[in-house]
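Trainee: dropping a prediction and its sequence here:
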Amino acid sequence: MRCQVQLPARATTLETIAEHHATVVINRPVSDVWAFVTDLSETPRWRTSVTTVEPPETLAVGAEFGATSRVLGRNWSWRLRITTVTDNQELGYEVVDGMVDIDVHYRLDEVGGGCRFTLSGRSRPSNLPGRLLDRAGAWQLKREMDGQVQELKRILEVSTT
């Protein structure tokens, strides 16, 4: 698993960004992984901080959907917009209504009959409480994303047996 965390030395402006990438190789074809991760109603199964998702009617750039999550002991509601869809390769979405601006990106690549899956997240606080949440949540973001890709691997590889 490849991990990278970039944190600013001090959070002094609203432009502070926390970024993390977590990668795992899943012993399933890319098409199987794509089908699972793009069924957004399945997201709470593998992204454990996400508690509910109201999927969009279509998986298309510009489509919006809702989600709730539990982060740092609090429940949060989010409105998200799909920013990127490339079949069997990429899915991206961003928060359009929430305390922290978050971009999430899934990247799928074929590797030896399996799938290399990368989950990327980048956050920017949208207000002062968001800035505090962003700093407090940066390490939690890393820990959760690392665990989420491992859970995705576990779910998809177990379902082949």
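Mentor: Right, received. Where do you want to start? Numbers count the residues shown, from 1 in each chain.

Trainee: so where do the helices sit in this protein?
Mentor: Secondary structure of the chain (DSSP state H): helices at 30-37, 43-46, 128-158.

Trainee: low pLDDT regions in this structure?
Mentor: 1-17, 99, 125-141, 159-161 (pLDDT under 70).

Trainee: which residue is nearest the middle of it?
Mentor: Residue closest to the average C-alpha location in the chain (Cα atoms, centre = their mean): residue 104, at 4.5 Å.

Trainee: let me see the contact set for that one.
Mentor: Neighbouring residues of residue 104 by Cβ atoms under 8 Å, 6 or more residues apart in numbering: 92, 93, 94, 119, 120, 121. For every residue, glycine as well, the C-beta is placed using N, CA and C.

Trainee: kindly report the same for residue 103.
Mentor: 83, 92, 93, 94, 95, 120, 121, 122, 123.

Trainee: with residue 34 instead?
Mentor: 87, 88, 89, 108.

Trainee: among those residues, the buried ones, what's the PyMOL command?
Mentor: Selection command for PyMOL covering only the buried members of those, criterion 16 or more other Cβ atoms under 10 Å:
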select buried, resi 88+108
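
Trainee: would you list the contacts of residue 34 in TSV and tack on distance to residue 148?
Mentor: TSV is the format used below for the contacts of residue 34 (distance: Cβ to Cβ, whole Å):
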residue	distance to residue 148
87	22
88	20
89	19
108	15
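
Trainee: please flag which of the contacts of residue 34 sit within strands.
Mentor: Per DSSP state E, strands hold the following members of those: residue 108.

Trainee: between the contacts of residue 34, which is closest to residue 70?
Mentor: residue 108 (26.8 Å; Cβ to Cβ).

Trainee: who's in contact with that closest one?
Mentor: Contacts of residue 108 by Cβ under 8 Å, 6+ apart are 30, 33, 34, 37, 88, 89, 90, 115, 116, 117, 118.

Trainee: mind redoing it with 6 Å?
Mentor: By Cβ atoms under 6 Å, 6 or more residues apart in numbering, residue 108 lies in contact with 30, 33, 34, 89, 115, 117.
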